[in-house]
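Colleague: Predicted model follows, preceded by the sequence.
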Amino acid sequence: MKRSGKRKISPLLLMVLVFAMIMPSQAFATASLDEEKNNVYYAALGDSLAAGVMSNNTLGLSYADYIAQDIDRVGLLGSYEKPFAVPGATSKDLLNALMDRDMQVKIASKNMITITIGANDFLQVLGSEPERLKNPEEVKKIITELSENYAAIMGIIRSVNASADVYLMGYYNGFYAFPEAEQRSLVELTKTVNGIIKQIASDSFSHYVPTYDAISTDYATYLPNPKNIHPSAAGYMAIADEFWEQVKLNLPTNVNRIAGANRYETAVKISQEGWKQSAQGVVIARGDDFPDALAGAPLAYDLNSPILLTHSDGLDKIVKDEIERLDPEFAILLGGEQALSKDVEDELGTMKIPVERIAGANRYETAAMIAVSLPPSNKAVIANGMKFPDALAIASYAAENTYPILLAKQNELPEDTAEILKQYPESIAVGGTAVISESLFEKLPKAKRYGGKNRYETASIIAMELNPSHKAFVSTGLEFADALTGSVLAAKRDSSFLLVDPYNMQDAVIGAKEKLGIYHFTILGGPKAVSPSIERELIGVE
């Protein structure tokens, strides 16, 4: 069968489709989305590919399931269901299902829908009456019926839900193992079906998702059973990836905030968010000064322990209450008795919690001692120990990789840092030459620098080049506390980390958001730390 360019729906069918889309639908006015949550409410419709039939005819995860996982991974999945995913279903079957009022109510409540339908209109004929497909008139009849059914399907969907993002899947070549002569006509038929689907997607203000080329790159992996058109798990993932390329462009941006009345309470809130039941241990640092705490994030992450802040002369009550809730096996104090007094240690003792103190003569030795406590690695991070922003910009990345954070001066490696650095064949220098000079950089082992013109650009560069994610934690770049305690949770959540000015959005932050396609922001701290105006700019609201 020879294709004749772009296939068009008849004007009559197009009129039916448009009429259905603009019809008032008062019956569904109450089936609105929860507007308080900017989430994705997803329904998958279709045949065996939506159901998840595998190449061995067992039922597994479909492309739709993997799409839902991707949306959930970026924290945006409100709900997911497959109200119609039926192996062997034809376009007529889906159309009949959509006639049901309960089904229409479900569709009306979604803001994202995927559809895979149409192939079985031909496959059922191929299985029962293959001779029909050799008759051009019969083929034309099937094509016409498929076009009419698919147009009616989209007419119903758009009449009850005009605003949802709808994605219509084009089919791949499931006949690659057939003899070339047989395969040729089936491939042309597949392309014709795809042409119909693509045109209907355009006419119904929906998205067409091609899968033909993606699957053709590796038939042996994606369609491992030559006698079965259904994909392997890898094949379903490849299909989901094709959807994701379009879905990610239309996802809403979500923001949530973890905040307490002050930095101590914010640290507790972060702990409660990341360690909902208990924690192996707790790492405790002084809340009003940063030197001893700068290198603590990789240690806390390695021990699956939150970082809590307290005043130097004792445990704050909210911190003590949180420690009791966590029921840790141990507590680690960062810094000597000038940072955290003996009273802090004694209070933990009365709670029957074993205490270890990591304290050097200065911040550089403390960081080196923390490094010794970490698992071996081939890389260390070097940051300026006199200024906190750069160390905190990379803290979540260093934590996730258990790279130690070692501290330097602008032009000098302190003795303790130089000694421990001998154990690491590679290094990462954080910040520009104003914090790590070029002469010092040249002395670092196989170093690579990540630095911008300011703390905000440095953090954005780190996010884009070292720690890319569709999720990001956001903290003020003017104070250390929220970034420190939040960095461990960011590492647990596999998220990027950005620093912001409390009231003035930086171009570098917006650049990172756009390049990474960030859909979910977790803001650390209250409105004085990160203002509502910054929150609005992150989600793109003027």
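Modeller: Structure's in. What do you need?

Colleague: quick one: contacts for the one residue sitting closest to the centre of the chain?
Modeller: The residue lying closest to the centre of the chain (C-alpha atoms, centre = their mean) is residue 74, at 3.0 Å. Shown in contact with residue 74 (C-beta atoms under 8 Å, 6 or more residues apart in numbering): 251, 470-471, 519-520. All C-beta spots, glycine's among them, are computed from the backbone N, C-alpha and C.

Colleague: Just the closest of those residues to residue 302, please.
Modeller: Nearest to residue 302 among the contacts of residue 74: residue 471, at 21.5 Å, using C-beta to C-beta.

Colleague: ok, now which ones touch residue 482?
Modeller: Going by C-beta under 8 Å, 6+ apart, residue 482 touches 263, 266-267, 475-476, 524-525, 529.

Colleague: and the two most separated of those?
Modeller: Going by C-beta to C-beta, the pair spanning these furthest: 267 and 476, at 14.1 Å.

Colleague: Of these two, which one has the most company?
Modeller: residue 267 (30 against 23; other C-beta atoms under 10 Å).

Colleague: Just say helix, strand or coil for that one.
Modeller: Under DSSP: H, G, I helix; E, B strand; the rest coil, the three-state class of residue 267 is helix.

Colleague: For the stretch 401-542 of the chain, just list every one of the helices.
Modeller: 415-421, 438-441, 455-465, 481-492, 507-516, 532-538 (DSSP state H, counting those that start in this stretch).

Colleague: what's the fifth one packed up against?
Modeller: Taking 3 or more C-beta pairs under 8 Å, 6 or more residues apart in numbering; DSSP states H and E as the contact definition, the neighbouring helices and strands of helix 507-516 are helix 455-465, strand 471-476, strand 496-500, helix 532-538.

Colleague: Check the offset of the last one from the chain's centre.
Modeller: When distances are taken as C-alpha atoms, centre = their mean, to the nearest Å, helix 532-538 is centred 20 Å away from the chain's centroid.

Colleague: now the third one
Modeller: Its chain's C-alpha centre lies 15 Å from the corresponding centre of strand 496-500 when counted by C-alpha atoms, centre = their mean.

Colleague: Just the buried residues of that strand, please?
Modeller: Across strand 496-500, burial judged by 16 or more other C-beta atoms under 10 Å covers 496-500.

Colleague: follow-up on the earlier one: max pairwise distance over the contacts of residue 74: which two?
Modeller: Taking C-beta to C-beta, no two of the contacts of residue 74 sit farther apart than 251 and 471, at 11.5 Å.

Colleague: what's the longest strand in the chain?
Modeller: strand 77-85 (DSSP state E).

Colleague: ok, that one: who's next to it in the sheet?
Modeller: strand 40-46 (parallel) (DSSP bridges).

Colleague: for the helix or strand following the partner strand, packing partners?
Modeller: Per DSSP states H and E, the first helix or strand lying C-terminal to strand 40-46 is helix 48-51. For helix 48-51, the packing partners by 3+ C-beta pairs under 8 Å, 6+ apart come out as helix 63-73, strand 77-85, strand 112-116.

Colleague: Let me have the ones you listed in TSV, extended by distance to residue 288.
Modeller: Below are the helices and strands packed on helix 48-51 laid out as TSV (distance: least, C-beta to C-beta, whole Å):
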stretch	distance to residue 288
helix 63-73	37
strand 77-85	39
strand 112-116	46
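
Colleague: ok, residue 99 - contacts?
Modeller: Residues near residue 99 by C-beta under 8 Å, 6+ apart: residue 156.

Colleague: Phi and psi next, for residue 322.
Modeller: Dihedral pair for residue 322: phi -70, psi -40, per degrees, to the nearest 10.

Colleague: Run through the stretch 1-150 of the chain and note the low-pLDDT ranges.
Modeller: 1-37, 127 (pLDDT under 70).

Colleague: same thing with the chain?
Modeller: 1-37, 127, 541-542.

Colleague: can I see the domain layout of it?
Modeller: Structural domains assigned to the chain are 39-250, 254-538, following automatic domain parsing.

Colleague: Report the buried residues of the longest strand of the chain.
Modeller: In strand 77-85, counting by 16+ other C-beta under 10 Å, buried: 77-78, 80, 82-85.

Colleague: now the helices: where do they sit in the stretch 251-400 of the chain?
Modeller: 263-274, 296-302, 317-326, 342-350, 363-372, 389-393, 395-401.

Colleague: what's the fourth one packed up against?
Modeller: So the one you mean is helix 342-350. strand 330-334, strand 355-358.

Colleague: orientation of it relative to strand 330-334 in degrees?
Modeller: Going by axes from the mean of the first three to the mean of the last three C-alpha atoms, to 10 degrees, helix 342-350 is angled at 170 degrees with respect to strand 330-334.

Colleague: Ok, the third one next?
Modeller: Between the axis of helix 317-326 and that of strand 330-334 there is an angle of 140 degrees, by the same axes, to 10 degrees.

Colleague: returning to what we had before: what about the residue nearest to the residue nearest to the centre of the chain when sequence neighbours are not counted, neighbour count?
Modeller: Leaving out its chain neighbours, the residue that sits closest to residue 74 by C-beta to C-beta, 6 or more residues apart in numbering is residue 470, at 4.2 Å. Residue 470 sits with 20 neighbouring residues when counted by other C-beta under 10 Å.

Colleague: For residue 470, give me its contacts.
Modeller: By C-beta under 8 Å, 6+ apart, the residues touching residue 470 are 73-74, 248, 516-520.

Colleague: ok, back up a step: what about burial for the contacts of residue 482, which qualify?
Modeller: By 16+ other C-beta under 10 Å, those give 263, 266-267, 475-476, 524-525, 529 as buried.

Colleague: Columns distance to residue 448 on top of those, output as a markdown table?
Modeller: Output for the buried ones among the contacts of residue 482, formatted as a markdown table (distance: C-beta to C-beta, whole Å):
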| residue | distance to residue 448 |
| --- | --- |
| 263 | 32 |
| 266 | 33 |
| 267 | 32 |
| 475 | 24 |
| 476 | 27 |
| 524 | 28 |
| 525 | 31 |
| 529 | 31 |
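
Colleague: For the residue nearest to residue 465 when sequence neighbours are not counted, give me its contacts.
Modeller: Once flanking residues are discounted, residue 465 sits nearest to residue 450: 6.4 Å by C-beta to C-beta, 6+ apart. With contact set as C-beta under 8 Å, 6+ apart, residue 450 has these partners: 394, 428-431, 458, 461-462, 465-466.

Colleague: mind redoing it with 6 Å?
Modeller: When contacts are counted by C-beta atoms under 6 Å, 6 or more residues apart in numbering, residue 450 touches 430, 461-462.

Colleague: again with residue 78
Modeller: Counted by C-beta under 6 Å, 6+ apart, residue 78 has contacts 39-41.

Colleague: re earlier: quick check: of the buried residues of strand 496-500, which lies closest to residue 288?
Modeller: The closest of the buried residues of strand 496-500 to residue 288 turns out to be residue 499 (C-beta to C-beta; 19.6 Å).

Colleague: beta partners of the closest one?
Modeller: residue 475.

Colleague: That one contacts residue 459, correct?
Modeller: Yes. Between residue 499 and residue 459 there is a contact under C-beta atoms under 6 Å: 4.1 Å.

Colleague: Would you confirm that residue 165 contacts residue 252?
Modeller: No. Counting by C-beta under 6 Å, residue 165 sits too far from residue 252 to count as a contact (10.2 Å).

Colleague: Who has more neighbours out of the two?
Modeller: Using other C-beta under 10 Å as the criterion, residue 165 and residue 252 rank with residue 165 on top: 19 against 16.
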